[in-house]
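Asks: Return a 3D structure for these sequence lines:
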Amino acid sequence: MYMYISSHNIHDQFPEAAHLPEVISMRHDGDVRYVMEIDEILPVDIRSQHTFSYEVLDSGGRVGGNYAVLNNIPVTAEGRSAFEQRFMNRARKVEEEPGFVGIRVLRPLDDDTYVIMTLWEGESDFKAWQESQAYSHAHRKRNTEEGIDVQQPSIFPRPSFVKTFTVDL
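Replies: The predicted model follows:
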């Protein structure tokens, strides 16, 4: 499975993409991103310079809801294996939270920044999860001797950053 996040709607740019699934749009302060999840890798000419391309490493739920949180985490080539192992062994508690819609762990195809995308019915559901025991459990090793950020800090070449969006269906 692959996911594409673009500043341009692929269907508008490329008539030859008409056979591809519909995209969802996400907005934040006038910034729009178009998201498409499909089973095939798109040709480079359709992906274009305005598209971020990912392989879906892990998923739960569906792409939808009304609120999306994208945690962007740069990882060095040497750190990919350890980073991916950490997410493949995650507790999977978020899927049980009220208002949870979906999660996608995305491996970049063209750069070094992984994306952990969570989708929610609303912003309040995401904020409630951040205050929950499930969130504390999922992040309990962060900044401790057991955490990957302390064990292997050199695998993160730059700080991570979070972007939030409202989802238009």
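
Asks: Low-confidence stretches in the protein?
Replies: 11, 13-21, 45-49, 134-153, 169 (pLDDT under 70).

Asks: now the residue most central in space within the chain: how far from Val32?
Replies: Per C-alpha atoms, centre = their mean, the C-alpha nearest to the average position across the chain is that of Met117, at 2.8 Å. Note on Met117: its distance to Val32, by C-beta to C-beta, to the nearest Å, is 16 Å. In this view, the C-beta of every residue, glycine as well, is placed from N, C-alpha and C.

Asks: With Ile155 instead?
Replies: In this view, Ile155 and Val32 are 32 Å apart by C-beta to C-beta.

Asks: now Asp58
Replies: When Asp58 is compared with Val32 (using C-beta to C-beta), they lie 26 Å apart.

Asks: For the longest strand along the chain, name the packing helices and strands.
Replies: Longest strand in the chain by number of residues, with DSSP state E as the criterion: strand 51-61. Where contact means 3 or more C-beta pairs under 8 Å, 6 or more residues apart in numbering; DSSP states H and E, strand 51-61 is packed against strand 2-6, helix 80-88, strand 100-108, strand 113-120.

Asks: let's go with 6 Å and repeat that
Replies: If contacts are counted by 3 or more C-beta pairs under 6 Å, 6 or more residues apart in numbering; DSSP states H and E, strand 51-61 sits against strand 2-6, strand 100-108.

Asks: Tell me which residues are up against the last one.
Replies: Under the contact criterion C-beta atoms under 6 Å, 6 or more residues apart in numbering, strand 100-108 has outside partners 3, 54-65, 87, 94, 115-120.

Asks: in its sheet, what does it sit against?
Replies: Strand 100-108 has these partner strands in its sheet, going by DSSP bridges: strand 51-61 (antiparallel), strand 113-120 (antiparallel).

Asks: So what angle separates the directions of that strand and helix 80-88?
Replies: Relative orientation of strand 100-108 versus helix 80-88 (axes from the mean of the first three to the mean of the last three C-alpha atoms, to 10 degrees): 170 degrees.

Asks: List the buried residues for strand 100-108?
Replies: Phe100, Val101, Gly102, Ile103, Arg104, Val105, Leu106, Arg107, Pro108 (16 or more other C-beta atoms under 10 Å).

Asks: Not counting its neighbours along the chain, what's nearest Pro98?
Replies: Once flanking residues are discounted, Pro98 sits nearest to Asp125: 6.2 Å by C-beta to C-beta, 6 or more residues apart in numbering.

Asks: Ok, Met88 next?
Replies: Closest to Met88 by C-beta to C-beta, 6+ apart is Asp58, at 6.2 Å.

Asks: Write down the beta-bridge partners of that neighbour, one by one.
Replies: With DSSP bridges as the criterion, Asp58 is bridged to Val105.
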